[in-house]
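**Q** sequence and predicted structure, then a few things I'm wondering about:
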Protein chains: 2
Amino acid sequence: MILQQAQHIKFLEEDLNYIFKDRELLTEALTHKSFKKPYNNERLEFLGDAVLDIVVAEFLFMKFKNKKEGSLSKMRASLVNEVSFCKLANAIKLGNYLNLSVSEENNGGRLKPSILSNALEAVMAVIYLESGLLEVKKVFYPLMENEFHINEDSLLQDYKSALQEYTQEVFACIPTYELISQEGPDHNKYFVMQVKIQDKFYATAKGNSKKNAQQEAAKLTLKILKNEI
Amino acid sequence: MILQQAQHIKFLEEDLNYIFKDRELLTEALTHKSFKKPYNNERLEFLGDAVLDIVVAEFLFMKFKNKKEGSLSKMRASLVNEVSFCKLANAIKLGNYLNLSVSEENNGGRLKPSILSNALEAVMAVIYLESGLLEVKKVFYPLMENEFHINEDSLLQDYKSALQEYTQEVFACIPTYELISQEGPDHNKYFVMQVKIQDKFYATAKGNSKKNAQQEAAKLTLKILKNEI
């Protein structure tokens, strides 16, 4: 068991190209609350969430110098979310190294986006605490650039893509968008779009173009699906 | 005008106990979009938002080592919001130093919480970019500790206090809470509270105690008032 854990850490270090200093803290980061130890990765995840937020924000701030705040926020939303972080966690096979309870294990815990995304945040918090923000950037930027197409077009697609990834995973289907109405004078037109998933209606939203209305409707639907509103 | 600006920067530097290196970047941070220059503080605010998020998260993570993620998140919510940041901005008289359009100026722009809070974030982003996160902590922690009582009790009051500060400022009154119902068996009771402001109903929410139900209802009301939902 201990030998296996050492092997796991070695694999993780190789994938991240980073040597962990504090093995206890790393164990905390890899321990899900279901494991029923006096420690788990929830506190580290709290910190790691903020760590990845600034790391991604700074990346976009530096890379897209001519982009306004609104676009930067949208791009960030497409990178900083459970689906994206889960993808990064899978790229470093983080699920294999987690300490979970037997029942969470049997419940598919090693594949759950929320568990993987939180563990990724917790691991990044460990690197931040023991080595600082610069080291997190050195680890995280290559990982992010390997897994995502970091350009305006792909990042500004954000909510629609995120919703599609989510529905494919959860419902094994893609959402459909329907134009409900189109109102206002020519110089100030707006469009109302609705989202359905498996013929069930989720949300409507308006925007100054069909594309923007779809984005807004997708955003709202994601919030509804994740019980955020 | 230029003399006055130099004087302003001197005051700000004294209050923050920090000497700015890049005056152009600082000018950008102090320039509201209404001023109609090719630059304004919106991009810096985007970055500064993440800077203050990690700075506050790390502060709480280190200070409250026995607190779980849920409590840390609530404490952060009580520190990282427009009302709190506005208070900090006022403590360093940031409103006096902003570049605003005449109409925004006449419209009370120097006192607006959103403008002040955003400018504070932008100024912290400047310190981050030119001197790093450690320097932001050196500047921000004393400011925060001077203005807030950073202890569990005061911080876990979060949403109710934030709502009260908001309604006092915007409506010149305080919100009222009413117990609507109390349901469930003794071991699993829950309470439903409603919030009214000036006799207008805003939201109801439930919780496993009256206090928690009030917090949830306050949180929801704040979101409604700020058009976040």
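**A** Okay, I see it.

**Q** is there proximity between the longest helix along chain A and chain B?
**A** When chain A is scanned for its longest helix (criterion: DSSP state H), the result is helix A:42-63. Yes - interface with chain B: helix A:42-63 contributes A:42-43, A:45-47, A:49-51, A:53-54, A:56-58, A:61 (Cβ under 8 Å from any Cβ of the partner chain). C-betas here are computed from N, CA, C, even on glycine.

**Q** same question for stretch A:113-123.
**A** No - with Cβ under 8 Å from any Cβ as the measure, stretch A:113-123 is seen stopping short of chain B, the closest distance being 9.4 Å.

**Q** tell me the mean pLDDT for that stretch?
**A** The average pLDDT within stretch A:113-123 is 97.

**Q** and what of stretch A:148-166?
**A** In this model, stretch A:148-166 carries a mean pLDDT of 76.

**Q** can you give me the helices for chain A?
**A** With DSSP H, the ranges of helices along chain A come out as A:2-16, A:23-29, A:42-63, A:69-79, A:82-91, A:102-106, A:113-131, A:133-147, A:152-156, A:158-170, A:210-225.

**Q** can you tell me which residues in chain A are near chain B?
**A** A:42-43, A:45-47, A:49-51, A:53-54, A:56-58, A:61, A:67-69, A:72-73, A:133, A:229.

**Q** residue A:90 touches residue A:116, doesn't it?
**A** Yes - Residue A:90 is within contact range of residue A:116, at 6.8 Å (criterion: Cβ atoms under 8 Å).

**Q** leaving aside the residues adjacent along the chain, what's closest to residue A:51?
**A** Nearest residue to residue A:51, sequence neighbours excluded (Cβ to Cβ, 6 or more residues apart in numbering or on different chains): residue A:128, at 4.7 Å.

**Q** for that neighbour, give me its contacts.
**A** A:47, A:48, A:51, A:135, A:136 (Cβ atoms under 8 Å, 6 or more residues apart in numbering or on different chains).

**Q** what's the answer for residue A:64, then?
**A** Neighbouring residues of residue A:64 by Cβ under 8 Å, 6+ apart: A:71, A:72, A:75, A:152.

**Q** same question, residue A:40
**A** For residue A:40, the contacting residues are A:28, A:31, A:32, A:33, by Cβ under 8 Å, 6+ apart.

**Q** what distance do you get for the third one to residue B:78?
**A** Using Cβ to Cβ, to the nearest Å, one obtains 28 Å as the distance from residue A:32 to residue B:78.

**Q** cool, and the second one?
**A** In this structure, residue A:31 lies at 28 Å from residue B:78, with Cβ to Cβ as the measure.

**Q** let me know which of the helices of chain A is tucked in deepest.
**A** The highest average neighbour count among the helices of chain A, using mean count of other Cβ atoms under 10 Å in any protein chain shown, belongs to helix A:113-131 at a mean of 24.

**Q** ok so, going back, pull the most distant pair out of the contacts of residue A:128.
**A** Using Cβ to Cβ, the pair of these lying farthest apart is A:47 and A:135, separated by 14.7 Å.

**Q** show me where pLDDT drops low in chain A?
**A** When residues are selected by pLDDT under 70, those of chain A lie in A:1-2, A:153-158, A:229.

**Q** the residue most distant from the middle of it, which is it?
**A** Farthest-out residue of chain A from its mean C-alpha position, per Cα atoms, centre = their mean: residue A:185, at 39.0 Å.

**Q** contacting residues for that one?
**A** Residue A:185 makes contact with no residue, according to Cβ under 8 Å, 6+ apart.

**Q** distance of it from residue A:210?
**A** Residue A:185 is 17 Å from residue A:210, by Cβ to Cβ.

**Q** so what touches stretch A:84-97?
**A** Under the contact criterion Cβ under 8 Å, 6+ apart, stretch A:84-97 has outside partners A:8-9, A:11-12, A:15-16, A:30, A:52, A:78, A:110-111, A:113, A:115-117, A:119-121, A:123, A:143-144, A:146-148, A:162.
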